[in-house]
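1. Sequence and predicted structure, then a few things I'm wondering about:
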Amino acid sequence: MSCRIATFNLKDFFLPRNDAERGVGPGKLVNLADNLRRANADVVALQEVGEEQQLDRLVKAVPELGYGAPVVGTTDKRGIRCAILSRLPVQWSQVHTAKTLPFPRFVEGDVDPFADRIPLRRGVVHVRVEAPELGEIDVLTAHFKSNLPVRQRTKDGREIEDLTTRARAESAMRSLVQRAAEALYIRGIVDDLMKSSPDHAVCVLGDLNDGFDSLPVRILRGYGAPAHDALRAAAELLPAEQRYSCFHGNDKTLIDHILVSERLFGFAKRYEIFNEALRYHGPHIEPIAPTEDSDHALCVATFGG
């Protein structure tokens, strides 16, 4: 019996706030529901979920999929969050949150650098499900900080414009450091899970806003020689030319990931990315124009006993 686990960034799935959003709302719900039906996933991780009422509407639109009550994370300043839907029995759930994330110390005993400067924007949703033939699986979903630059600010909070090449590089580094800190935070959760149960089935998935070989994703996958606590990308099952879930300009990129422990990877049968109709939505400019389709493709991994 197979088990299907999916991840999908819905793109600004809010209650309508203006006429434009009211106009695309019904079509967006239909589009998202069609994707969920096509995936037919036992567990699906969602990102960019707005109000919980919207998530309830989506679940009610696909009653045949049999999802239980959603497990919903905390929101960022923009009002988006992560969530998990499951039709497998959920043994327990948790939302991991932190006011700030630490930066690694260089010398033991150093004070924490950048205190209160690196936020965990969106809570990490964590469920433990019971899958037929596979047993317990811990599923964690995250939505990392975007790769947009993080400019330096004045003490009163105003952004300082990047006027030099070095300043632009510093802003890119701040952005990378924030994603890396998020990755280290989840890596610590995975380490604790694997320490208590070295052969446990673990799945970390979501919109990580970085590529397969980037520092944040490498942190999650694991550094050094292959070990029991390493995570492997389900996308390894696909030919390289099919591994893309988003467009940055004309470039195809894989930033939506399903990373699994060795035990779970041993059961991996198939990986799909529904990217046939994927299109570039243009640069990120506020306010973001509402669209019926997402700018991310739904990704689904199939595991079998």
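-> Okay, I see it.
2. For Ala240, the count of nearby residues, please.
-> The number of residues packed near Ala240 is 10, by other CB atoms under 10 Å. All C-beta atoms are positioned from the backbone trio N, CA, C, and that covers glycine.
3. quick one: it and Lys252, what's the gap?
-> Plainly put, Ala240 is 11 Å away from Lys252 if you go by CB to CB, to the nearest Å.
4. same deal with Gln47?
-> From Gln47 across to Lys252, the span is 19 Å (CB to CB).
5. what ranges do the strands span in the protein?
-> For the chain, the strands defined by DSSP state E occupy 2-13, 43-49, 71-72, 81-86, 90-96, 124-131, 135-143, 201-207, 231-233, 246-248, 251-253, 256-261, 268-273, 299-304.
6. Include mean neighbour count and mean pLDDT when you put those into a markdown table, please.
-> A markdown table is the format used below for those (neighbours: other CB atoms under 10 Å; pLDDT from 0 to 100):
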| stretch | mean neighbour count | mean pLDDT |
| --- | --- | --- |
| strand 2-13 | 24 | 97 |
| strand 43-49 | 27 | 98 |
| strand 71-72 | 20 | 98 |
| strand 81-86 | 25 | 98 |
| strand 90-96 | 15 | 97 |
| strand 124-131 | 22 | 98 |
| strand 135-143 | 24 | 98 |
| strand 201-207 | 26 | 98 |
| strand 231-233 | 21 | 97 |
| strand 246-248 | 17 | 93 |
| strand 251-253 | 14 | 95 |
| strand 256-261 | 26 | 98 |
| strand 268-273 | 17 | 97 |
| strand 299-304 | 23 | 97 |
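7. want to try TSV for those strands, with distance to Arg57 as columns?
-> Output for those, formatted as TSV (distance: least, CB to CB, whole Å):
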stretch	distance to Arg57
strand 2-13	9
strand 43-49	11
strand 71-72	14
strand 81-86	13
strand 90-96	21
strand 124-131	19
strand 135-143	20
strand 201-207	21
strand 231-233	32
strand 246-248	25
strand 251-253	30
strand 256-261	23
strand 268-273	25
strand 299-304	22
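8. Show me what Arg153 is bridged to.
-> Note on Arg153: beta-bridge partners Glu159, judged by DSSP bridges.
9. Check it and give its pLDDT.
-> We have a pLDDT of 95 for Arg153.
10. Could you report the neighbour count for it?
-> By other CB under 10 Å, the residues close to Arg153 number 10.
11. In space, what's closest to Asn275 - neighbours in sequence excluded?
-> The shortest distance from Asn275 to any non-neighbouring residue, by CB to CB, 6 or more residues apart in numbering, is to Ala297 (4.0 Å).
12. got the contact list for the one you found?
-> Residues in contact with Ala297 (CB atoms under 8 Å, 6 or more residues apart in numbering) are 244-246, 256, 273-275, 278.
13. which of these sit farthest apart?
-> Pairwise distances across the contacts of Ala297 (CB to CB) peak at 12.3 Å, for the pair Cys246 and Phe274.
14. And the residue nearest the centre of the chain?
-> Computing the C-alpha centroid of the chain and ranking residues by CA atoms, centre = their mean puts Gly206 first, at 2.1 Å.
15. from memory it sits against Ala6, does it?
-> No. Using CB atoms under 8 Å, Gly206 is not in contact with Ala6, being 10.8 Å away.
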